[in-house]
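# Quick one, structure for this:
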Amino acid sequence: MRILLIERLNWFSLLLALQILLVFSPASNANAQTAVIDSSTMYQTIDGFGASTGWIEGNANLNSSQAAAYFSSSTGIGLSWIRIQDCGSVSFCPGGYGTTNTPDLQTLKYAVANGAKVLISLDPAAGDSSQWSAQSTYAVNKLNYLAGQGVPVSEVSPINEPSNGNSFTNSDIDGLVKVMGPALSAAGYGSVGITIPEWESQFSTDFYSACLGDSTCASYVNIGSEHGYATWPFASGGGQFTPAPGIFGSRHIWQTEVNDSISKTYTCNGNQLAPYDPSIADGIAWAENIWDFLTGQNGSMWMYWNLESGYSPSCNDGLADNAFNPAKRFYTLGNYSKFVRPGQVRIAATGNPQTNVYVAAFKDTTTGAFEIVAINANSNSVSQSYDLSGLSANSVTPYVTDANNNLQSQAAVAVTGGTFTATLNASSVTTFVSSGGGPGAPTNLVGSVIQ
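Now for the predicted structure:
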């Protein structure tokens with residue numbers, strides 16, 4: 001009896017120790033569920049990711065190596081779009097450069113050489129209908145100039161932030177597009193799309209319904225664009241998308257500008273911008289913002305404001321500081337842009353399989369290759385399982401951005417019976433790439449992340 005009692009006590013102690021380990025283990029996943037990736041359910045086609053050259057083309061030009069770091073999918077993060085915010089009328093241009101020059105020409109040339117497309121957002125001074133013809137002529141002349149310099153424009157926004165510093169209304173945009181659309185077509189730019197309205201807080205103010213409700217105006221518009229300031233840093237599943245359901249029809253939704261900081265303090269550049277934050281916490285917040293836009297709004301293209309900070313000392317408005325030292329958001333954006341290429345489609349995925357873990361998945365419908373982007377916003381590592389439905393791979397290669405890694409490839413993870421399990425590092429973004437052995441981490445910027 002005494003021996004039996006001791007054995008029972010030993011078993012009890014062992015069970016108690018195991019329970020304690022399960023409860024307090026730092027990688028515990030008591031509430032985790034498998035992330036199901038289902039390729040039979042397809043959502044939007046991805047147009048890409050990008051950034052702008054700065055306010056009225058005011059930033060320093062990139063050199064060839066820097067441009068490759070931004071726009072090459074092999075040695076960079078593979079941004080597929082570059083946006084220039086142009087003055088929109090000769091009278092509004094600093095120094096009167098207008099349609100006969102563009103300060104960011106070298107950056108644009110390098111971006112195009114690396115495969116990027118160009119979006120030009122015009123910023124005319126007023127919504128006065130007497131100016132619409134002149135503004136349309138300006139747009140044509142600008143496109144002529146850029147085309148002559150080897151920089152074809154793929155998309156035009158006739159007005160950036162319609163009521164921010166100018167007097168455009170919903171009906172004004174309808175009128176302007178009906179003048180600019182025919183002018184572009186007559187000049188041979190009928191294939192160049194027009195996007196509206198690029199309002200600063202998503203679609204929270206109606207600058208789109210007049211045009212989209214007018215069949216003539218609507219015929220020239222192929223994209224509905226917004227700026228993402230209303231949902232920074234993270235709106236948790238759908239943001240503040242307010243237009244009436246179906247108002248954009250089959251048109252793609254783009255987010256063409258956003259920047260801010262977690263601290264919501266604005267002590268840089270005369271209290272207009274937040275101070276530079278290169279941290280992984282900032283990088284994670286931006287990765288969540290992208291996830292929210294892609295999965296909550298079915299967005300097709302996401303853009304940060306600046307390629308690099310336009311101010312000294314550096315503010316938080318660039319993917320890199322003004323000396324081209326990359327912030328962590330440069331790399332967490334790259335977890336999407338480097339691998340999720342234009343033309344791929346988003347497929348169904350369990351979006352929030354455990355606390356503070358967010359998942360999105362994409363596939364190439366031609367090759368069957370796929371990517372899974374997983375964000376772990378927890379301060380501890382977690383184990384996450386994935387169940388692949390309709391996808392085929394023997395292994396996936398993880399590319400990790402965290403406090404110590406910048407899009408670094410890791411050992412391939414075997415896929416067995418259509419499933420795999422991998423550890424997500426603390427405060428990390430991981431892209432699992434089905435093809436394996438993909439491109440390396442970006443190179444050729446000035447320095448490493450400033451911690």
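
# residue ranges for the strands of the stretch 201-350 of the chain, please.
Counting by DSSP state E, counting those that start in this stretch, the stretch 201-350 of the chain has strands at residues 221-226, 252-255, 301-308, 318-320, 345-349.

# Now these in TSV, please, with extra columns for mean pLDDT.
Output for these, formatted as TSV (pLDDT from 0 to 100):
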stretch	mean pLDDT
strand 221-226	94
strand 252-255	94
strand 301-308	96
strand 318-320	95
strand 345-349	98
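
# In the stretch 1-150 of the chain, where is pLDDT below threshold?
For the stretch 1-150 of the chain, the stretches with pLDDT under 70 are 1-30.

# re the thing from before, a markdown table please, covering the strands of the stretch 201-350 of the chain and showing mean neighbour count.
Heads up, the C-betas are built off the backbone N, CA and C, glycines and all. A markdown table is the format used below for these (neighbours: other CB atoms under 10 Å):
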| stretch | mean neighbour count |
| --- | --- |
| strand 221-226 | 24 |
| strand 252-255 | 24 |
| strand 301-308 | 26 |
| strand 318-320 | 28 |
| strand 345-349 | 21 |
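
# Any stretches of the stretch 351-451 of the chain with poor pLDDT?
For the stretch 351-451 of the chain (pLDDT under 70), the answer is 436-441, 443-451.

# low-scoring stretches of the stretch 151-300 of the chain, by residue?
In the stretch 151-300 of the chain, residues with pLDDT under 70: 165-166, 236-245.

# Helices along that one, start to end?
170-186, 209-212, 215-218, 280-296 (DSSP state H, counting those that start in this stretch).

# Enumerate the positions of the third one that are buried.
Right, the one you point to is helix 215-218. In terms of neighbour count (16 or more other CB atoms under 10 Å), helix 215-218 has its buried residues at 217-218.

# Select the longest strand from this structure.
Under DSSP state E, the strand in the chain containing the largest number of residues is strand 35-45.

# now that one: how far from the chain's centre is it?
Per CA atoms, centre = their mean, to the nearest Å, the displacement of strand 35-45 from the mean C-alpha position of its chain is 19 Å.

# and the next element down the chain from it?
strand 48-52 (DSSP states H and E).

# quick one: strands adjacent to that following strand?
Applying DSSP bridges, strand 48-52 is found paired with strand 81-86 (parallel), strand 301-308 (parallel).

# Report the inter-axis angle for it versus helix 280-296.
Orientation of strand 48-52 against helix 280-296 (axes from the mean of the first three to the mean of the last three CA atoms, to 10 degrees) gives an angle of 130 degrees.

# got the contact list for the residue nearest to residue 37 when sequence neighbours are not counted?
Nearest non-adjacent residue to residue 37, counting by CB to CB, 6 or more residues apart in numbering: residue 361, 4.6 Å away. By CB atoms under 8 Å, 6 or more residues apart in numbering, the residues touching residue 361 are 37, 346-349, 370-373.

# List just the nearest of the residues you listed to residue 306.
Nearest to residue 306 out of the contacts of residue 361 is residue 373 (CB to CB; 23.2 Å).

# So what's the gap between the host helix or strand of that closest one and the chain middle?
According to DSSP H and E, residue 373 maps onto strand 370-376. Computed by CA atoms, centre = their mean, the chain-centroid distance of strand 370-376 equals 14 Å.

# Tell me the helix or strand right after that strand.
Immediately after strand 370-376, counting by DSSP H and E, sits strand 382-389.

# Show me what the helix or strand following that following strand is packed against.
Per DSSP H and E, the first helix or strand lying C-terminal to strand 382-389 is strand 395-401. When contacts are defined as 3 or more CB pairs under 8 Å, 6 or more residues apart in numbering; DSSP states H and E, strand 395-401 packs onto helix 328-337, strand 408-409, strand 413-414, strand 419-424, strand 428-433.

# which residues sit in contact with residue 84?
Residue 84 neighbours (CB under 8 Å, 6+ apart): 52-53, 57, 102, 104, 108, 118-121.

# who's in contact with the closest residue to residue 414 other than its chain neighbours?
Among residues not flanking residue 414 along the chain, residue 395 sits closest, at 5.2 Å (CB to CB, 6+ apart). By CB under 8 Å, 6+ apart, the residues touching residue 395 are 412-415, 420, 436.

# ranking those by neighbours, who comes first?
residue 420 (20 neighbours; other CB atoms under 10 Å).
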